[in-house]
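1. Got a sequence here, can you model it:
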Amino acid sequence: MKKVTIYTLSTCLWCKKTKKYFEEKNIPFEAVEYDKQDEVRQEEISKEIRASGCPVTFPFVKIGGECTQGYNPNEFETLLEKK
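-> Sure, this is the predicted structure:
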């Protein structure tokens, strides 16, 4: 199974919904709450997101080597199934 990392904000409803989606599908993921990281880690996360060609918005979901932003179950499924 592809590695899933979800960057979120602790107060974001769409971020919570995204994590719940993966929990309900029993898909293991690592969740990183951006706003609870120190400044150095926040800058690292921001650079990683920008390097993917995306603006820094949340939730930011990495599935394997690809990424998507926002709550988009169809896109999650597509990336999980993609070879």
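2. Which parts of this protein are helices?
-> 13-24, 39-51, 73-81 (DSSP state H).
3. Tell me which of these is the most buried.
-> Of those, the one with the most neighbours on average (mean count of other C-beta atoms under 10 Å) is helix 13-24, at a mean of 16. Every residue, glycine included, has its C-beta placed from N, CA and C.
4. Any chance of TSV for the helices of the chain, columns mean pLDDT and distance to G65?
-> Formatted as TSV, the helices of the chain follow (pLDDT from 0 to 100; distance: least, C-beta to C-beta, whole Å):
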stretch	mean pLDDT	distance to G65
helix 13-24	98	18
helix 39-51	94	12
helix 73-81	95	10
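5. wait, which of those helices is closest to E33?
-> helix 13-24 (8.3 Å; C-beta to C-beta).
6. got the angle for the closest one vs helix 73-81?
-> Helix 13-24 runs at 50 degrees relative to helix 73-81, counting by axes from the mean of the first three to the mean of the last three C-alpha atoms, to 10 degrees.
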